[in-house]
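In: Test case, fold it:
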Amino acid sequence: MKSFVVFVLKVSFFFVLTIILLKCCDSEKTNISFKAAAGSIEITPSENVIMGGYFGREGRSEGVHDNLYARCLILESSDGKHVAFVSLDLIGFLRYDVLEIKKELGNNIELCIFSTHQHSGPDTIGIWGTLSKSGRNENYMMGIRKKIVDLIKSTNEKLETASIYVAQASGNGLSVNHRVAGEIDETITALLIKGENRNIATLVNFGCHPESLSGKNKLLTADFPGYLVKKLEKELGGTALFANGLLGAMVSIDRKTLNLKEKNFEVAEKFGNEIAQRIIASLPSAKLITGNLTVRKKVISVPLENPLFQTAIESKIIPASEATSNKGCVLTEVGIISLGEMKIMLVPGEMTPGLGMKIKKLLNANYKIAFGLVNDEIGYIILSEDFSLPLYKNERIKSLGPFTGNIIYQAFKELAAH
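Out: Presented below is the predicted three-dimensional model:
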């Protein structure tokens, strides 16, 4: 009898959810001016690799807990502009690699490639190897780039008429800022992309370090973003992507909320599922996105004041080219995507919530969100006036230098003014 009741409840839940989604889509069918498509491809290393995320973790990975993926969503606006959002289950993806991909795709598609920043995957930056040898496996990186190119091309061939909806939920209690108490962007934002008869994709944005596992873990895993997208794909259909947000210095999972003391896979599963459930609960309030799709980007030059990064680039532990490193500076980019009444900040690293919220005040939009680790991973991004504070001691080691935050702020200010 109990199992029958559970079955009835599950059927009722999916029936109600279907009605909500159909109502959400049928209530406003005007101004549909987008096409969309989505897909994914596995990018799990085929052999044991040096893992990124924790210094001091010895040896290579010792197996796979769950597979890593590249997930792609392409939007096409009525004027023919294409934007490819690509989410990677990686610690980071350098501008060096993004530019290699761009060479293959040309200028017809705007790239927005972002890493979930999970800490139990391959070293894709190079700094978790040794002082004399990069932790990057270049054959693996070449393979990832090819897979991303193939994924974008194949996805772009499947575009169909689509409507875009935005829903927001509270992330209250899910995360904690270990540096500045209470300085957190708690908003969970989801874009729901609907085709005529099905969900095409769900893109979720929330800022929090995927560190459910400690440095002792030797199994490759997508961490909580993997559980999050799996839950959404099961219950909503389509392809789900996760874009990390204002996670820098130092926003992590609040395990007290989950009633869990130790870092483990249970933390990853519970946290990912909790975010998914909050998104699903927010869908009745989803709003139709109408208007134009525009992308504005700016390449910036940031002085490289970190001697460790300087040495790593000079010794080719971190790969570089004239387009990414020149005359003692790192070249990276920031951007703003305008999607109707929404503006998305494209941040090339791990920005502090304080700085991120300061930039949001520059944006004129009903919905303001930030994607972190987009088209680069330059480390922590901290305002210059806060850079020397004792509480950011660990973050300074993983930052380009004291000018980074203010240069990026000024770049966003210029972009926001147009």
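
In: in the protein, which spans are helices?
Out: 2-26, 95-105, 138-156, 223-236, 265-282, 307-314, 353-360, 393-396, 404-416 (DSSP state H).

In: Deepest-packed of those, please.
Out: Highest mean neighbour count of the helices of the chain: helix 223-236, a mean of 23 (counted as mean count of other Cβ atoms under 10 Å). Yep, even glycine has a C-beta here, placed from its N, CA and C like the rest.

In: What helices and strands are in contact with it?
Out: Contacts defined by 3 or more Cβ pairs under 8 Å, 6 or more residues apart in numbering; DSSP states H and E place helix 223-236 against helix 2-26, strand 199-206, strand 239-244, helix 265-282.

In: what lines up beside the shortest one in the sheet?
Out: I take that to be strand 239-244. strand 199-206 (parallel) (DSSP bridges).

In: residues in contact with the partner strand?
Out: Residues outside strand 199-206 that contact it (Cβ atoms under 8 Å, 6 or more residues apart in numbering): 21, 36-38, 73, 85, 87, 160, 162, 171, 174, 187-194, 228-229, 232-233, 236-245, 275, 279, 369-371.

In: Ok, stretch 318-332 next?
Out: Against stretch 318-332 from outside (Cβ under 8 Å, 6+ apart): 94-97, 99, 125-127, 134, 136, 138, 299-304, 309, 312-313, 348-349, 375-376, 378, 400.

In: Work out which residue lies at the spatial centre of the chain.
Out: residue 243 (2.6 Å; Cα atoms, centre = their mean).

In: hmm, back to that, the contacts of strand 199-206, buried ones only, as a ChimeraX selection?
Out: Command for ChimeraX that selects the buried part of the contacts of strand 199-206, burial taken from 16 or more other Cβ atoms under 10 Å:
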select :21,36,37,38,73,85,87,162,171,174,187,188,189,190,191,192,193,194,228,229,232,233,236,238,239,240,241,242,243,244,245,275,279,369,370,371
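
In: returning to that earlier point: of all the helices of the chain, which one is nearest residue 334?
Out: Residue 334 lies closest to helix 404-416 among the helices of the chain, at 4.8 Å (Cβ to Cβ).

In: and that closest one with helix 353-360, angle?
Out: 20 degrees (axes from the mean of the first three to the mean of the last three Cα atoms, to 10 degrees).

In: export helix 404-416 as CSV, just CAs?
Out: Taking Å, rounded to 0.1, in the frame of the first residue of the first chain, the C-alpha atoms of helix 404-416 are listed here in CSV:
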residue,chain,number,x,y,z
THR,A,404,43.4,43.0,-11.2
GLY,A,405,40.1,43.9,-9.5
ASN,A,406,40.1,47.6,-10.3
ILE,A,407,41.1,47.0,-13.9
ILE,A,408,38.3,44.6,-14.4
TYR,A,409,35.9,46.9,-12.6
GLN,A,410,36.8,49.8,-14.9
ALA,A,411,36.4,47.5,-18.0
PHE,A,412,32.9,46.5,-16.9
LYS,A,413,32.1,50.2,-16.2
GLU,A,414,33.0,51.0,-19.8
LEU,A,415,31.0,48.1,-21.2
ALA,A,416,27.9,49.0,-19.0
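
In: Which neighbouring elements make contact with it?
Out: Counting contacts by 3+ Cβ pairs under 8 Å, 6+ apart, helix 404-416 packs against strand 293-303, strand 329-339, helix 353-360, strand 380-381.

In: Kindly reformat those as TSV containing mean pLDDT and distance to residue 66.
Out: As requested, the helices and strands packed on helix 404-416 are exported to TSV (pLDDT from 0 to 100; distance: least, Cβ to Cβ, whole Å):
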stretch	mean pLDDT	distance to residue 66
strand 293-303	97	33
strand 329-339	98	30
helix 353-360	97	29
strand 380-381	98	28
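
In: Most tightly packed of these?
Out: Of the helices and strands packed on helix 404-416, strand 380-381 is the most buried (mean count of other Cβ under 10 Å), at a mean of 26.

In: Sheet-wise, list the partners of that one with their directions.
Out: Applying DSSP bridges, one finds strand 380-381 paired with strand 350-351 (parallel).

In: chain center to the partner strand: distance?
Out: On the basis of Cα atoms, centre = their mean, to the nearest Å, strand 350-351 is displaced by 11 Å from the centre of the chain it belongs to.

In: Name the surrounding residues that touch that strand.
Out: Contact partners of strand 350-351, identified using Cβ under 8 Å, 6+ apart, comprise 117, 246-249, 370, 372-373, 377, 379-381, 405, 408.

In: same thing with stretch 134-146?
Out: 43, 45, 49-50, 52, 70, 88, 97, 100-101, 104, 122-129, 316-319.
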